[in-house]
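Enquirer: Dropping the sequence and predicted coords here.
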Amino acid sequence: MSSDEQQLREELQQLREDYKTLEHNFDIMSEGYQESLLLYDKLEETYHELEETNKELDKARRRAEEASQMKTNFIQQISHEIRTPLNILSGFTQIITMPGMELDEATREEVTRGISDNTNRITSLVNKMLELADANSQAEIDRNDTVPAVQIAAQAADESGITQAAHLDFDLQMGDGSEVAMLTTDLQHSVRALSLLLDNARKFTQPAEAAVGAGASSKRGRALLRLEIDAATSMFHFIIEDNGIGVPAEEAEHIFDEFVQLDQYYDGTGIGLTVARGIARRLGGDITIDTTYHDENGGGARFILALPM
């Protein structure tokens, strides 16, 4: 073999080795590229997770600020609502204790009625605040009363004042078998939960405070309480429907939070629905809102109080 051939062979061998080296280096670079891609994907995923976390934290912060403001509004409103009847009671007290003051029968009856009404108003506010303290309790309420469902409905209607409300028409309807249905519950608490829902319907079927005397709608309020047995779940349903301002679907759960009032121009403390749901759940039931319900004008609300039979 000539020296030229030998040199050619050596160069060819070197080329083969260089190629293998390049191929190896390329494989290493390719693996590094793939690892870089995976790392990039992981970083991008982490970034999106952090972005979502920041959104949730921002939402939680705004909720906390909203809750703090609602608590402040609640305290201010409760202070106002207690101060008003106290001032009225103070005025009546000055009248009846004034030396030499003689009252005719009509005035005496008016004063007596005013004292009774405003005392009851203060008592009701204090009771609501006490109920709010128990609203988030997980302790079950003993169900030692066996009572007709219609008794609960009748007592709640009277307690809420909905039957005497001049601005609306109230109707009570019975589903199949509901007129003789018996519930094993706590009568006082079940009546209270239902009366709070009926009171809610009473308030939100009348013009808002800001609208009174300013072209408020003349539409007459309507509220319905329907009693039904849900045989599939052995639950009894008290269904309350009204043609009031309604509840947006996105607020369906939010309205059960403490101090929430969707319209500040309506009378109320923002704790009635919180207390009602708390009672219902401690009785083994629940309160829900049917977001599919709308009256003929696109408003209205339907709440369902479910209690075990």
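Expert: Great, that's in hand.
Enquirer: Against residue 286, how distant is residue 82?
Expert: The spacing between residue 82 and residue 286, counted by CB to CB, to the nearest Å, is 32 Å. Placement of C-beta: from N, CA and C, glycine included.
Enquirer: go on, residue 274?
Expert: For residue 274, the distance to residue 286 - CB to CB - is 13 Å.
Enquirer: ditto for residue 28
Expert: Taking CB to CB, one finds residue 28 at 63 Å from residue 286.
Enquirer: Same drill for the two, tell me which one is more crowded.
Expert: Neighbours were counted for residue 28 and for residue 286 using other CB atoms under 10 Å; residue 286 has more, 13 against 10.
Enquirer: who's in contact with the more buried one?
Expert: When contacts are counted by CB atoms under 8 Å, 6 or more residues apart in numbering, residue 286 is found next to 277, 280, 306.
Enquirer: go on, residue 179?
Expert: Contacts of residue 179 by CB under 8 Å, 6+ apart are 150, 227.
Enquirer: Which pLDDT does the model give the closest residue to residue 169 other than its chain neighbours?
Expert: Nearest in space to residue 169, with sequence neighbours left out and distances taken as CB to CB, 6 or more residues apart in numbering, is residue 222 at 5.3 Å. pLDDT recorded at residue 222 is 92.
Enquirer: Let me know the helix or strand that residue 222 is in.
Expert: strand 221-230 (DSSP states H and E).
Enquirer: what pairs with the helix or strand that that strand is followed by, and is each one parallel or antiparallel?
Expert: Using DSSP H and E, the helix or strand that follows strand 221-230 in sequence is strand 235-242. If you go by DSSP bridges, strand 235-242 pairs up with strand 221-230 (antiparallel), strand 301-308 (antiparallel).
Enquirer: After strand 235-242, heading C-terminal, what element do we hit next?
Expert: Downstream of strand 235-242, the first helix or strand assigned by DSSP H and E is helix 272-282.
Enquirer: That next one relative to strand 235-242, how many degrees between them?
Expert: Counting by axes from the mean of the first three to the mean of the last three CA atoms, to 10 degrees, helix 272-282 lies at 170 degrees to strand 235-242.
Enquirer: Direction included, what does the helix or strand that helix 272-282 is followed by pair up with?
Expert: Counting by DSSP H and E, the element after helix 272-282 in chain order, helix or strand, is strand 286-289. In the sheet, strand 286-289 lines up against strand 301-308 (antiparallel) (DSSP bridges).
Enquirer: contacting residues around stretch 83-95?
Expert: 101, 103, 111, 114, 115, 118, 119, 121, 122.
Enquirer: now, which of the residues you listed lie within helices?
Expert: Mapping the contacts of stretch 83-95 onto helices (DSSP state H) picks out 111, 114, 115, 118, 119, 121, 122.
Enquirer: So which residue is dead centre in this protein?
Expert: Closest residue to the average C-alpha location of the chain: residue 256 at 1.6 Å, with CA atoms, centre = their mean.
Enquirer: For that one, which residues are in contact?
Expert: 273, 274, 277, 287.
Enquirer: Nearest to residue 72 among those?
Expert: residue 274 (16.9 Å; CB to CB).
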